[in-house]
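Asker: I need the structure of the sequence given here:
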Amino acid sequence: MTGATRTSLPRLPPGSRVAVVAPGSAPTPQALRAGLAALRSAGYEPIDYVSPLTPAGYLAASDKDRAAVLVDALRDPSIGAILCARGGYGTMRVLPRLPYDELASPTLVVGYSDITALHLALYGKCGWPGLAGPMVAPDWPSLPPQRAAAFEAWTQGTAVPAPMVAGQPLVPGTADGWLLPVNLSVLTCLLGTPYLPDLTDAILVVEDVDEAPYRIDRMLCHLRLAGVLDDVAGVIGGQFTNCQPPDDQPNPTVGAVLREAFRAAAYPVALDFPFGHEPSSCVLPVGTPVRLTVNAGAAQLAFREGLVR
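Answerer: Residues are numbered from 1 along each chain as shown. This is a model prediction of the structure:
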């Protein structure tokens, strides 16, 4: 099993200071306030890096300013974790502005969707694991108990979580690899950049939102033609929210697209895993070793290590 050289993340005990940043789009002020209040109610001390920013169109601020506050949070030794306010768009624009060689002390970064860009860059360049988990504005104000419990389990490191049902079987097999839960659009956009890590022996969990099935097909074809899917250890299809085919066009469903793309894969594949943009989405570590087992009757994802020390 290969992968980036992993660093260890410290635990996030109750009462920890957590930085709230917006590396992409800005949340609404009301949603941000509600999320900050929810974090306080959960026992954390949120530090708001978002409200002082001046929005720039669909971005929370200029690239320079978003990168600057993110770097400040990454360098602050009093910060136990960085929680992203929301995704949206723009995280990949700040990647060239981060001083990867100077980031000696690892910090847990929590988010999903557009935050995939930051997770993959930090994993590939620094060996930092992360957490594909709830974001402050869209999720924390109404966080389901099971997601809150999963967040605490991963960040407090009380025990390695139990194996999970990994969706519906498609291609049988067993594989060990490094778990990389990703947004499919963002993963595809990082092709050809220095911020896409080596995906050899990765077990990808792919999800997306607001994409027509033909665009999902196009992205998977792009990855396949680029050779990115040749050396992965396994693939798990997650939630594809609002990705239905238009009523007036003869389109296959996303499920049909995924089955056609992976039915002849040389590694285990499962579909319909609860990870993505739905309230029911599970919380997954980024860059930790796992085992994917798929047989005719079931698919299982077993975690081989925790996320924090």
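
Asker: distance from stretch 110-119 to the middle of the chain?
Answerer: On the basis of CA atoms, centre = their mean, to the nearest Å, stretch 110-119 sits 5 Å off its chain's mean C-alpha point.

Asker: and the lowest-mean-pLDDT helix or strand in the chain, what other elements does it pack with?
Answerer: The helix or strand of the chain with the lowest confidence, counting by mean pLDDT, DSSP states H and E, is strand 164-165 at a mean of 92. When contacts are defined as 3 or more CB pairs under 8 Å, 6 or more residues apart in numbering; DSSP states H and E, strand 164-165 sits against strand 299-303. (C-beta placed from N, C-alpha, C; glycine too.)

Asker: and for the chain, the residue most distant from the center?
Answerer: residue 248 (33.0 Å; CA atoms, centre = their mean).

Asker: give me the phi and psi for that residue.
Answerer: Per-residue torsions, residue 248: phi -100, psi 10 (degrees, to the nearest 10).

Asker: longest strand in the chain, by residue count?
Answerer: Using DSSP state E, we find that the single longest strand of the chain is strand 173-183.

Asker: who touches the helix or strand that it is followed by?
Answerer: Once the chain leaves strand 173-183, the next helix or strand it forms, by DSSP states H and E, is helix 184-189. Here helix 184-189 makes contact (CB atoms under 8 Å, 6 or more residues apart in numbering) with 91-92, 113-114, 116-117, 120, 196, 204, 206-208, 211, 216, 219-220, 222-223.

Asker: then helix 184-189 to PDB, C-alphas only?
Answerer: The C-alpha trace of helix 184-189 is given here as PDB (Å, rounded to 0.1, in the frame of the first residue of the first chain):
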ATOM      1  CA  LEU A 184     -15.700  14.700  -8.700                       C
ATOM      2  CA  SER A 185     -15.800  18.200 -10.400                       C
ATOM      3  CA  VAL A 186     -13.000  19.500  -8.300                       C
ATOM      4  CA  LEU A 187     -10.900  16.300  -8.700                       C
ATOM      5  CA  THR A 188     -11.200  16.600 -12.400                       C
ATOM      6  CA  CYS A 189     -10.300  20.300 -12.400                       C
END
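
Asker: just the strands in the stretch 51-200 of the chain please.
Answerer: Using DSSP state E, counting those that start in this stretch, the strands of the stretch 51-200 of the chain run over residues 81-84, 108-110, 130-132, 164-165, 168-171, 173-183.

Asker: which among those is found nearest to residue 308?
Answerer: strand 108-110 (7.2 Å; CB to CB).

Asker: what is the burial count for residue 298?
Answerer: The number of residues packed near residue 298 is 13, by other CB atoms under 10 Å.

Asker: among the strands of the stretch 51-200 of the chain, which one carries the weakest average confidence?
Answerer: Least confident of those, judged by mean pLDDT, is strand 164-165 with a mean of 92.

Asker: what lies in contact with it?
Answerer: By CB under 8 Å, 6+ apart, the list of residues contacting strand 164-165 from outside reads 282, 298, 299, 300, 301.
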